[in-house]
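Provide a 3D model corresponding to the input given below.
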Amino acid sequence: MGNRLFNIITVVFLLLTVGFIVFVTLQLLAPPPPPPGALAALPTAFVLPTLTPTSVVPTLPPTFTLTPTNTETPTSTLTPTLAPSASPTITNTPAPTLTPSITPTPSASPTFTTEPSPTGPTATLPPTESPFPFQLPLGVQFQPNFAAPSAGCLWQGIGGRVRGLDGIELPAGSINVVVFNETNTFSRTVPIGSNTQYGSVAGWEVRVGDTISPDTYFVTLFTASSNVQVSERVQVTFPSNCDQNLAYLDFIRAR
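Now for the predicted structure:
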């Protein structure tokens, strides 16, 4: 703090010294004053009269205020439409009539006669006869189960009978009926005559389920003595209906 104050005092004295030197220099350089007698030789100053200022701006007469008049709005000028001039009527001048040329007479076209095929008409082949003697002329007949009606929908099976050429049922035990499913997980073999509810002598039945289902089975006849297949393999696909849970098959010998 003491050094700062000392610096300030030094600066002040420095400035005063510089100012004094400048003042002395100016006094030395100034011109000397005139002698005392020189002041009396000056002439007396002439005093001019005071002029009263006047306005140099001319006064203009008052202007007239114009009353605005209504300016008429110009109306639109209609552009005249040129009416189409009537075109002259063209008169058709008939051209000279040409003389028809002679129409040539068509020559006779040859008539082609269709010749019969050397092979003749296609022959209709008779239906292929089954190699097996027992057939199913009425097909598979679906109907309600009449052998065990109390089971209702808790039963599904296949039954029927086997008859000879004269329509009479074959002796019991002479034919075996084989029933199996399409996956070979079910297979049953029963002799004819094992269930007289489907035929008094050659009736048979195979129960395939305890409920209705759309399963598919196959039925084939074999001789009991030599195990020879005597019928085609008949496919049975149930409709899954309680009123059609019995598939009835009536095999008849055809030859």
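
For the rest of this, base every contact and every neighbour count on C-alpha atoms.
Will do.

worst-scoring helix or strand of this structure, pLDDT-wise?
helix 2-29 (a mean of 85; mean pLDDT, DSSP states H and E).

can you tell me which residues contact residue 242?
Going by Cα atoms under 8 Å, 6 or more residues apart in numbering, residue 242 touches 144, 152, 153, 212.

now it: how far from residue 187?
Distance, residue 242 to residue 187, using Cα to Cα, to the nearest Å: 23 Å.

And residue 218, by the same measure?
9 Å.

Identify the contacts common to those two.
Between them, residue 218 and residue 187 share these contacting residues under Cα under 8 Å, 6+ apart: 179, 180, 181.

State the distance from residue 163 to residue 179.
As judged by Cα to Cα, residue 163 and residue 179 stand 18 Å apart.

any weak-confidence spans in the stretch 1-150 of the chain?
Applying pLDDT under 70 to the stretch 1-150 of the chain picks out residues 1, 31-128.

how about 90 then?
Scanning the stretch 1-150 of the chain for pLDDT under 90 picks out 1-14, 16-20, 22-130, 148.

before we move on, back to that, residue 163 and residue 179: who's more crowded?
Relative neighbour count places residue 179 above the other of residue 163 and residue 179, with 24 against 20, counting by other Cα atoms under 10 Å.

Just list whatever residues bridge to the more buried one.
Per DSSP bridges, the residues bridged to residue 179 are residue 188, residue 219.

list the contacts for it?
186, 187, 188, 189, 206, 217, 218, 219, 220.

what does residue 221 give?
Residue 221 touches 175, 176, 177, 178, 229, 230, 231, 232, counting by Cα under 8 Å, 6+ apart.

let's go with 7 Å and repeat that
Counting by Cα atoms under 7 Å, 6 or more residues apart in numbering, residue 221 touches 175, 176, 177, 178, 229, 230, 231.

Repeat that for residue 247.
140, 141, 142, 143, 157, 158, 159.

among those residues, who's most crowded?
Going by other Cα under 10 Å, residue 158 tops the contacts of residue 247 with 23 neighbours.

Across the sheet, point out what pairs with it.
residue 206, residue 247.

Can you give me the first-to-last residue distance of stretch 191-211?
With Cα to Cα applied, stretch 191-211 spans 24 Å between its terminal residues.

That stretch - what's its average pLDDT?
Averaging pLDDT along stretch 191-211 yields 97.

Just give me the neighbour total for residue 222.
Counted with other Cα under 10 Å, residues neighbouring residue 222 total 18.

ok, it touching residue 233?
No: contact criterion Cα atoms under 7 Å: residue 222 and residue 233 do not qualify, at 10.7 Å.

Helices along the stretch 101-250 of the chain, start to end?
Taking DSSP state H, counting those that start in this stretch as the criterion, the stretch 101-250 of the chain carries no helices.

can you pull out the strands in it?
134-135, 141-143, 156-163, 175-181, 187-191, 203-209, 216-223, 234-237, 246-253 (DSSP state E, counting those that start in this stretch).

OK, contacts around residue 191?
173, 175, 176, 177, 204 are the contacts of residue 191 under Cα under 7 Å, 6+ apart.

what about the nearest residue to it once chain neighbours are set aside, distance to residue 159?
Distances taken as Cα to Cα, 6 or more residues apart in numbering put residue 176 closest to residue 191, at 4.3 Å, once the chain neighbours are dropped. Remark: distance between residue 176 and residue 159 (Cα to Cα) = 13 Å.

One more: residue 139?
The gap separating residue 139 from residue 159 is 13 Å, by Cα to Cα.

try residue 242
Counting by Cα to Cα, the gap from residue 242 to residue 159 is 16 Å.

that older thread, ranking the contacts of residue 191 by neighbours, who comes first?
If you count neighbours using other Cα under 10 Å, the busiest of the contacts of residue 191 is residue 204, which has 25 neighbours.

count of neighbours near residue 25?
Using other Cα under 10 Å, residue 25 is surrounded by 11 other residues.
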